[in-house]
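J.: Need a 3D model of the following:
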Amino acid sequence: MTGRATSRRMALRAGGACTLAATVGAATAGISQMALADVGAGVSSTSEETVRKWYAAWDTKDLRLLTMLMADDFTFSSPLDDHISRMAYKTQCWDTQHNLIDRFDLLRVFGSGNEAFVLYNGYTKKGNIFRNVEYFQLRDDKVKALECYFGGQDSFPSSVDTGKT
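T.: Model prediction:
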């Protein structure tokens with residue numbers, strides 16, 4: 001394989017983390033540079049709309065909408081949760097956090113096709129801020145899997161509001 005080397009900095013500047021991941025994967029898997037052409041095509045408009053509805057459901061405390069957006073085989077993962085089900089998500093995440101959250105400001109929504117990364121600031125009802133990144137896998141206008149990346153329990157809305165940080 002003959003190709004031009006791409007630095008991490010250039011890959012991030014060109015298209016963000018997804019481009020960087022694709023560049024690294026292509027280099028290690030022996031995929032030609034032409035295979036990278038579609039990377040950065042962006043999240044489909046339908047997938048982005050679903051992601052935005054997800055956060056709107058949290059903002060408006062609409063559990064019915066949130067549940068409608070979950071695929072039947074929905075799973076949630078985080079540093080504390082390993083592919084938990086819809087019901088476990090409701091109990092462990094929604095029930096314990098939704099009354100503490102005021103709103104989310106989506107800073108970036110990017111990805112490719114039916115996958116999206118979201119970087120956001122969350123605001124608690126007491127005015128404190130927390131920041132997370134979430135990775136969505138979508139299917140048929142529903143969230144199939146959601147992975148939340150945060151620094152630890154001290155970044156939960158409940159911890160931020162109680163001053164445990």
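
J.: Averaged pLDDT, the host helix or strand of residue 96. What do you get?
T.: Assessed by DSSP states H and E, residue 96 sits inside helix 95-97. Mean pLDDT, helix 95-97: 94.

J.: Beta-bridge partners for the nearest residue to residue 47 once chain neighbours are set aside, please?
T.: In space, residue 47 comes closest to residue 138 once its chain neighbours are excluded; the distance is 4.7 Å by Cβ to Cβ, 6 or more residues apart in numbering. Heads up, the C-betas are built off the backbone N, CA and C, glycines and all. Beta-bridge pairing of residue 138 under DSSP bridges involves residue 143.

J.: what's near enough to touch residue 138?
T.: 47, 50, 51, 114, 115, 116, 144 (Cβ atoms under 8 Å, 6 or more residues apart in numbering).

J.: mind running it again at 7 Å?
T.: 47, 50, 114, 144 (Cβ atoms under 7 Å, 6 or more residues apart in numbering).

J.: what's stretch 73-93 in contact with?
T.: Identification of contacts with stretch 73-93 by Cβ under 7 Å, 6+ apart yields 70, 143, 144, 145, 146, 147, 148, 150, 152.
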